[in-house]
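> Quick one: sequence and predicted model below, then my questions.
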Amino acid sequence: MTSVGPGQVPGPLPFVAFVRPSRAASSTPSCPRTPGTLETEMSYPYKNAFVTGASSGIGAEFAEQLARAGADVTLVARREARLKHLADKLADAHGVRVDVLALDLGDETDLETAAARVAEPGDRAVDLLVNCAGYGSTGYFRELSRRRETHQIRVNLMAPVILSHAALGQMTERRHGGILNISSIVAGLPMPKSAVYGASKAFLGSFGESLYMEARGSGVHVTTVRTGLVRTEFHEAAGLDTAGLPKLAWLRPEQIVEPALKAVAKGRAFVTPGAMNRMQPFFLGATPRPALQAMVRRMYRV
């Protein structure tokens with residue numbers, strides 16, 4: 001894969017499933033609460049979270065903040081060693097149960113394994129699904145590997161669809177739950193040289209809003225997170241030069257995650273973290289397409 005990092009602006013703007021045995025809740029007391037953080041401002045309503053793309057970046061930060069708020073967490077990603085390290089860290093620091101599913105969500109069998117866990121009823125039923133796994137590729141579409149682009153579609157699109165379907169069944173029955181889909185402010189733009197990535201973020205925006213409307217009144221909240229530039233591994237992994245990008249536009253993962261968790265708890269359809277990002281969806285929606293295309297041509301030199 002050329003890069004890993006859900007929801008981010010990708011430019012100027014083989015594996016066997018392994019299930020880590022569940023560990024009992026640690027007796028280590030939780031860390032002291034910091035004023036202004038999520039758990040001091042609200043009694044967080046979700047107690048069993050399922051986070052994809054949890055091995056780094058935004059996904060790992062979701063796991064951290066949820067564990068800090070007292071939620072048990074299931075971590076999902078391909079990189080087993082990173083997941084196990086994070087699981088141990090969270091369980092020791094916050095006294096919560098942390099399970100690991102080392103899975104490639106682009107693999108059909110692995111995705112079904114993940115969906116089966118999300119659909120499980122009972123005391124440990126997932127009540128918050130965070131669809132954070134995703135990656136992008138760069139280059140002219142005709143020159144990219146068809147196999148890799150197809151895999152990207154499975155991870156970026158099929159996984160959120162299948163996992164959301166699995167979650168909505170049991171959440172609706174219990175009349176309680178939340179789903180977070182990580183999209184991007186680039187969802188309103190054409191994305192030459194990142195065509196599949198851009199289209200996947202546009203899909204997630206429409207998909208999430210539609211599910212939000214379907215779920216109204218059911219006790220299930222569906223929120224789409226529109227991110228911008230975030231300090232993660234995404235751009236370096238893609239080989240993208242970020243030197244010319246405005247420094248004030250960059251956010252840290254925690255600046256994405258905290259407002260996202262609050263938004264889904266409150267039942268909001270969308271959240272766009274960052275003051276510079278907030279007006280982008282409205283600006284892009286109001287700009288004529290020829291003008292947008294001209295702007296993108298200059299940015300991406302196509």
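Nice, thanks for sending it over. Residues are numbered from 1 along each chain as shown.

> need the next SSE after the helix or strand encompassing residue 92, C-terminal direction.
Assessed by DSSP states H and E, residue 92 sits inside helix 80-94. Next helix or strand after helix 80-94 toward the C-terminus (DSSP H and E): strand 98-102.

> tell me the angle that following strand makes with helix 80-94.
Direction vectors for strand 98-102 and helix 80-94, defined by axes from the mean of the first three to the mean of the last three C-alpha atoms, to 10 degrees, enclose an angle of 170 degrees.

> Please name the strands paired to strand 98-102 in the sheet, noting orientation.
strand 18-19 (antiparallel), strand 72-77 (parallel) (DSSP bridges).

> roughly how far is it from the heart of the chain?
16 Å (C-alpha atoms, centre = their mean, to the nearest Å).

> quick revisit: tell me which of the strands paired with strand 98-102 is the most buried.
strand 72-77 (a mean of 27; mean count of other C-beta atoms under 10 Å). C-beta: built from backbone N, CA, C; applies to glycine.

> Quick check: mean pLDDT of that one?
Average pLDDT, strand 72-77: 98.

> From the rest of the structure, what touches it?
25, 47-56, 59, 63, 66-67, 83, 86-87, 90, 96-103, 105, 114, 117, 124, 126, 133 (C-beta atoms under 8 Å, 6 or more residues apart in numbering).

> same deal with stretch 265-281?
With contact meaning C-beta under 8 Å, 6+ apart, stretch 265-281 is reached by 42, 44-46, 178, 185, 187-188, 208-209, 212, 221-228, 246, 248-249, 251, 255-256, 259-260, 262-263.

> among these, which ones are buried?
Among these, those classed as buried by 16 or more other C-beta atoms under 10 Å are 44-46, 178, 185, 187-188, 208-209, 212, 221-228, 251, 255-256, 259-260, 262-263.

> out of the contacts of stretch 265-281, which are inside helices?
208-209, 212, 255-256, 259-260, 262-263 (DSSP state H).

> any chance of the residues you listed in a markdown table, plus distance to residue 110 and pLDDT?
A markdown table is the format used below for the ones in helices among the contacts of stretch 265-281 (distance: C-beta to C-beta, whole Å; pLDDT from 0 to 100):
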| residue | distance to residue 110 | pLDDT |
| --- | --- | --- |
| 208 | 23 | 97 |
| 209 | 28 | 97 |
| 212 | 28 | 98 |
| 255 | 31 | 92 |
| 256 | 26 | 93 |
| 259 | 30 | 96 |
| 260 | 25 | 97 |
| 262 | 31 | 97 |
| 263 | 29 | 97 |
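
> Out of those residues, which is nearest to residue 292?
Distance to residue 292 across these (C-beta to C-beta) is lowest for residue 209, with 20.4 Å.

> residue contacts, that closest one?
224, 269-270.

> Surely residue 112 is within a helix?
Yes. According to DSSP: H, G, I helix; E, B strand; the rest coil, residue 112 belongs to a helix.

> Excluding chain neighbours, what is closest to it?
With sequence-adjacent residues excluded and distances taken as C-beta to C-beta, 6 or more residues apart in numbering, residue 112 is closest to residue 162, at 7.9 Å.
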